[in-house]
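Trainee: Could you look at this predicted model? Sequence included:
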Amino acid sequence: MSARILMCGNEALAEAAILAGCDAYFGYPITPQNEITAYMSRRMAEEGRVFVQSESELAAINMVFGAAATGKRTMTSSSSPGISLMQEGMSFLAGAELPAVVVNVMRGGPGLGNIAPSQGDYFQATRGGGHGDYRTIVLGPSRVQELADCMVLAFDLADQYRITVMVLADGILGQMMEPVVLEAKQRRELPPKDWALTGADGREQNIVRSLWLGEGALEELNNKLQAKYQQIQENEVLCEEYQMDDAEIVIVAYGTVARIARTAVDKAREEGINAGLIRPITLWPFPTKQISAAAETFRMFLTVEMSCGQMVEDVQLAVAGKCPVLLHGRPGGGVPGVEEILEKIRQLTIRTGAA
Amino acid sequence: MKAVHKRTPVLKDCPTHYCPGCGHGIAHRILAEVIDELGIQGRTIGIAPVGCAVLAYNYLDVDMIEVAHGRAPAVATGMKRTNPDSIVFSYQGDGDLAAIGTAEILHAAHRAEPLTVIFINNAVFGMTGGQMAPTTTLGQVTATTPAGRQARGEGYPLQVSEILALLPGTVYVERCALSGTVSIKRAKAAIKHAFELQMDGAPGLSLVEVLSPCPTYWRMSPGDAMKWIKEEMSQVFPIARLKG
């Protein structure tokens, strides 16, 4: 398939997963990502692959755990409350070093919240989410095409590093229709899955585990995981910089909000305000170096998020006090508009005379 | 010299961590013999639970995974659906299967997943120090029922096998015991049958519940523990072929 076709984000990511060679999908219905489960129920059957509607998100992530342990490419998808339920399984996936892809089409929280778009799960996604010292790779696309491309990348990253990759979208991105081109791109060279449980036929027994009771054994595992995370931080950061050469005020935004912020940057420039945009595409590993470098020249940072301010903490850590970091956050389903962001830019640049 | 006895090949040659008189050792041996006799060592994937048997992979020489508490039937579903030619079994205790994992076992059975489940019922949480399990009998003293389990407030012993036998998705449910030579042989035959059904492609889940002694937390000698299964525990959990 290489034609330009119109698809909603949820269906585009599902088809991209099939393109990426996803052998098995397991999921439980939850709004606003139900199109994924429905689409997969039809398409996976057509492809002769596995689809199971599980009895809960707990079961879904554990079905992923089982399929992943046998070396299959596998995924699940859900939205915020369902992702919370999956955290036990995600910690186990990290401990057992199994590759998996998890899509979170975020909705408003806390609790049952609402079904409006949100970015309130940033902390949960980028800090591991479950118990123990671990990370997942987190991709935060902002267009339907990028969402689809992220799925192919996610399966490769998962296999390369034996890690869970979360694709963090929101209700707008999942529901919105845009033209996409779905095609198999040049893929990475991936290591063989010689650890997979395929039956110990003519070889030693393979064991997939996350319990290490021997003295020092778990510390050793954690050190190994941290070395892997370090490697990911060095090699896999993705971010887009827009109008940054002479920017005096830098907007940092990801996902859906980054598109709105980009328009606000253009409008600010029309008014003579030198605004720029840094858009993290990998939320973990975070583009700390890029933001830190931008903070070297005197600038002001404004983080715009659909939350009460979560990514702003990573921006503050990257800026490390070198210049002011401000927040414009809209929680609970609120989506910042272009004029709203622009007004914030105006206020800040007038107050400081930065422009 | 003629060999009259040899080690079961599927059972690894190593010291055990189980308590003296524990039923897990017997259950592991039976399981290993069955896998060996059926010639499926090279295509079997086993699932160890959270509980005393979490280290089952230290003893059983097949590909194995250790999973979150109670989730084995969901993990098994993911494995079997993607690898229909593999023989997938879960080995779960009463805390794992009858407490925290009731949703997973019920729905794996409900979906008629063609899996083999070995359910070890010893009426207590062994690994954490002998607390009440859903299968603890009325009046039984445990770490969390110091006055003996009372129906009012602590509920009745949960008969999961009877519940599962009602579902159209199970093809075989049998309750056995490790309380003497005869019952152990019967348990082995049941486990073998549960594997054969999966090998034959039977359209549903097979489960063998095994009443298993826990002398440590029953505060009994191994001999008395076996006697307790025969005289007390099997009154609450009748030894029977419940289905198939």
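Mentor: Looks like it came in fine. Numbering: from 1, shown residues only, chains lettered A, B, ... in the order given.

Trainee: how far away is A:Ala94 from chain B?
Mentor: Per CB to the nearest CB, to the nearest Å, A:Ala94 is found 12 Å from chain B. For the C-beta atoms, the positions are set from N, CA and C on the backbone; glycine is no exception.

Trainee: Output the longest helix belonging to chain B.
Mentor: helix B:181-199 (DSSP state H).

Trainee: Which positions within stretch B:31-38 qualify as buried?
Mentor: B:31-35 (16 or more other CB atoms under 10 Å in any protein chain shown).

Trainee: contacting residues around the nearest residue to A:Thr288 once chain neighbours are set aside?
Mentor: Spatial nearest neighbour of A:Thr288, excluding adjacent residues (CB to CB, 6 or more residues apart in numbering or on different chains): A:Ala318 at 4.3 Å. Residues near A:Ala318 by CB atoms under 8 Å, 6 or more residues apart in numbering or on different chains: A:286-289, A:291-292, A:295.

Trainee: switch to 10 Å and redo it
Mentor: The contact partners of A:Ala318, by CB atoms under 10 Å, 6 or more residues apart in numbering or on different chains, come to A:252, A:278, A:280, A:286-295, A:301, A:325.

Trainee: thinking again about what came up before, against which helices or strands is the longest helix of chain B packed?
Mentor: For helix B:181-199, the elements it packs on are helix B:23-38, strand B:87-93, strand B:116-121, strand B:170-177, strand B:205-211, strand B:240-243, judged by 3 or more CB pairs under 10 Å, 6 or more residues apart in numbering or on different chains; DSSP states H and E.

Trainee: Out of those, which gets nearest to B:Cys14?
Mentor: Among these, the nearest to B:Cys14 by CB to CB is helix B:23-38 (11.4 Å).

Trainee: From the chain's centroid, how far away is the next helix or strand along the chain from the closest one?
Mentor: Proceeding N to C from helix B:23-38, the next assigned helix or strand is strand B:44-48, under DSSP states H and E. For strand B:44-48, the separation from the chain centroid amounts to 13 Å (computed by CA atoms, centre = their mean, to the nearest Å).

Trainee: got the angle for strand B:44-48 vs strand B:87-93?
Mentor: Inter-element angle recorded for strand B:44-48 and strand B:87-93: 20 degrees (by axes from the mean of the first three to the mean of the last three CA atoms, to 10 degrees).

Trainee: just for the chain, where's the confidence low?
Mentor: This is for chain A. Scanning chain A for pLDDT under 70 picks out the ranges A:1, A:186, A:351-355.

Trainee: Any idea what the residue of the stretch 251-355 of chain A at minimum distance from chain B is bridged to?
Mentor: Closest contact between the stretch 251-355 of chain A and chain B, by CB to the nearest CB, is at A:Trp284 (23.0 Å). Bridge pairing for A:Trp284 (DSSP bridges) gives the partners A:Val138.

Trainee: That one: what's it in contact with?
Mentor: A:Trp284 neighbours (CB under 10 Å, 6+ apart): A:122, A:125-128, A:135-140, A:166, A:168, A:229, A:232-233, A:236-237, A:314.

Trainee: ok, of the contacts of A:Ala318, which one's closest to B:Asn122?
Mentor: Checking the contacts of A:Ala318 one by one against B:Asn122 (CB to CB), the nearest turns out to be A:Phe286, at 48.5 Å.

Trainee: Three-state assignment for the closest one, please.
Mentor: coil (DSSP: H, G, I helix; E, B strand; the rest coil).

Trainee: count of neighbours near it?
Mentor: 21 (other CB atoms under 10 Å in any protein chain shown).

Trainee: Also A:Glu178?
Mentor: Other residues lying near A:Glu178 total 17 when counted by other CB under 10 Å.

Trainee: just A:Gly321 next, same as before
Mentor: Using other CB under 10 Å, A:Gly321 has 9 neighbouring residues.

Trainee: give the contact list for it.
Mentor: Going by CB under 10 Å, 6+ apart, A:Gly321 touches A:Ala295.

Trainee: Which helix or strand contains it?
Mentor: Here A:Gly321 is assigned to no helix or strand, by DSSP H and E.

Trainee: Pull up the residues of the stretch 151-300 of chain A that are close to chain B.
Mentor: Contact residues (CB under 10 Å from any CB of the partner chain) of the stretch 151-300 of chain A with chain B: A:196-211, A:213.

Trainee: if I look at B:Ala133, how far off is chain A?
Mentor: 20 Å.

Trainee: Hmm, B:Phe119 and that residue touching each other?
Mentor: No - assessed by CB atoms under 10 Å, B:Ala133 is found out of contact with B:Phe119, at 11.9 Å.

Trainee: Return every residue with contacts to both of those two.
Mentor: B:93-94, B:96, B:98.

Trainee: Export those to TSV and append columns for distance to B:Val62.
Mentor: Below are the shared contacts of B:Ala133 and B:Phe119 laid out as TSV (distance: CB to CB, whole Å):
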residue	distance to B:Val62
B:Gly93	19
B:Asp94	23
B:Asp96	19
B:Ala98	25
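
Trainee: so which of the residues you listed comes closest to A:Pro81?
Mentor: Nearest to A:Pro81 among the shared contacts of B:Ala133 and B:Phe119, with distances taken as CB to CB, is B:Asp96, at 25.3 Å.

Trainee: re earlier: could you flag which of the residues of the stretch 151-300 of chain A next to chain B are buried?
Mentor: Among those, those classed as buried by 16+ other CB under 10 Å are A:196-200, A:205-210.

Trainee: Just the buried subset of the contacts of A:Ala318, please.
Mentor: A:252, A:278, A:280, A:286-288, A:290-291, A:294-295, A:301, A:325.

Trainee: Take those and keep only those in strands.
Mentor: Under the assignment DSSP state E, these contribute A:252, A:278, A:280, A:301, A:325 to strands.

Trainee: Among those residues, which one sits closest to B:Pro9?
Mentor: Nearest to B:Pro9 among those is A:Pro280, at 54.1 Å by CB to CB.

Trainee: Quick check: the closest one vs B:Phe237, distance?
Mentor: Per CB to CB, to the nearest Å, A:Pro280 is found 57 Å from B:Phe237.
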